[in-house]
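Engineer: Turn this into a model:
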Amino acid sequence: MIKNILSVIVLFHGRKVGTLSMGNHSCCQFEYDRAWLRDGFSISPLQLPLKTGLFSAQWQPFKGNFGIFEDSLPGGYGEFLLSKVLRREGIDYYGLTPVQRLSLVGNSGMGALCYVPETVVGGNPSSLSLDEMQTLALEVLSEKKDTGSELLLAGSGNSGGVRPKCIYNDETGHWLVKFRHIFDPTDIGQQEYHYNELAQQAGIVVPEFRLIDGKYFATRRFDIDKQGNRLHVATASGLLNEPLTPPKMDYHSLLQLTGYLTQSPEAVEQQFRRMVFNHYARNFDDHARNFSFLCRDGRWELAPAYDLTNDQTLGEHATTINFKGLPTDEDMIVVGTNTKMTRLRCQQIIDEVKVILKDL
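Structural biologist: Next up, the predicted model:
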């Protein structure tokens, strides 16, 4: 019974990283395993440095969870499906502790962290075609159909984000396929494909992408390497303990985090370029969970950019630029020079991106 789960063991490629348990005041506690301390790595350098002792989470902003483990939980679409499936079994997902929620993720989440004991819910991986999954997703999201959530959940990979999606594997590798939401235009897949083309032209590093059947945008999973090994992934939200609501991260913090983790001026420049692209491409959905970092053999690097679309629903940037939701070029330059980029280099990148996006 999930209600009886008070702790989970955190695993990385089958090896014990540590134990996460519920402590006092409904907040989590975490302790690294002794063997992991000898030759492992910090899974979250700012919040959980690699050292002995018991770490205690604060109630805010993740209701007693650590940011790095919050990353493993589904958000948006995945959370909607999971809560719907559990409701049929008489379980309130929102009444569960972080540890119980992570038990539901088990080994099916994004990234390399897994959790035991695993509580399995939902159905088996779906054999539905992409067209059938798109139709079913629209019916479930619009509440026109009360069955089928289990099939969608099994195929979703506990993914986050608002739009429906599924894990898609073929002879070319591992992909994440996005579907249309009920409020999306019918050509949303083609739109995201075009945005990724523009991003590449503007010097943004994105995962390999494709358009399946001329309508479904698919992006190669960057949390799985060419050999099929799962990589440790952490979002800026998880590393900085930054919530999505209300969004309050600034690009100052994001670029500083990039420099600190990667120790790479090139990575800082790439993050700056993404900031400029998001602004001029009018992607205001640039919240803290839409920026990620990979850890390979204990070394951190900037993950490819993702979720690049024309999203102006917020009215201004989720991540502020020099603490402004609607910034100027000068605000972007201030952010860049604050992380040791030269003013000239900042202006060069701004000009390069503007040229690519001039007709957008």
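Engineer: Let me know whether residue 318 touches residue 284 as I believe.
Structural biologist: Yes. Assessed by Cβ atoms under 8 Å, residue 318 is found in contact with residue 284 at 6.3 Å. C-beta here means a position set from N, CA and C on the backbone, and glycine is covered the same way.
Engineer: and the gap between the closest residue to residue 280 other than its chain neighbours and residue 350?
Structural biologist: Nearest residue to residue 280, sequence neighbours excluded (Cβ to Cβ, 6 or more residues apart in numbering): residue 357, at 4.7 Å. For residue 357, the distance to residue 350 equals 11 Å [Cβ to Cβ, to the nearest Å].
Engineer: how much distance is there from the strand or helix carrying residue 347 to the middle of the chain?
Structural biologist: Using DSSP states H and E, residue 347 sits in helix 343-356. Distance of helix 343-356 from the chain centroid (Cα atoms, centre = their mean, to the nearest Å) equals 27 Å.
Engineer: Buried residues, it. List them.
Structural biologist: The neighbour-count check on helix 343-356 (16 or more other Cβ atoms under 10 Å) flags 346, 349, 350, 352, 353, 356 as buried.
Engineer: what about it, average pLDDT?
Structural biologist: For helix 343-356, mean pLDDT is 98.
Engineer: Show me what that helix is packed up against.
Structural biologist: Other helices and strands packing on helix 343-356, by 3 or more Cβ pairs under 8 Å, 6 or more residues apart in numbering; DSSP states H and E, are helix 265-280, helix 329-337.
Engineer: Of those, which stretch is the most buried?
Structural biologist: Highest mean neighbour count among these (mean count of other Cβ atoms under 10 Å): helix 265-280, with a mean of 22.
Engineer: Render the CA-only coordinates of it in CSV, please.
Structural biologist: Coordinates of the C-alpha atoms in helix 265-280 are reproduced here as CSV (Å, rounded to 0.1, in the frame of the first residue of the first chain):
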residue,chain,number,x,y,z
PRO,A,265,32.5,30.5,-20.8
GLU,A,266,31.1,28.9,-23.9
ALA,A,267,28.2,27.4,-22.0
VAL,A,268,27.5,30.8,-20.4
GLU,A,269,27.5,32.4,-23.9
GLN,A,270,25.1,29.6,-25.1
GLN,A,271,22.7,30.4,-22.2
PHE,A,272,22.9,34.1,-23.1
ARG,A,273,22.1,33.3,-26.7
ARG,A,274,19.0,31.3,-25.6
MET,A,275,17.9,34.3,-23.5
VAL,A,276,18.1,36.5,-26.5
PHE,A,277,16.3,34.0,-28.7
ASN,A,278,13.5,33.5,-26.2
HIS,A,279,13.0,37.3,-26.2
TYR,A,280,13.0,37.9,-29.9
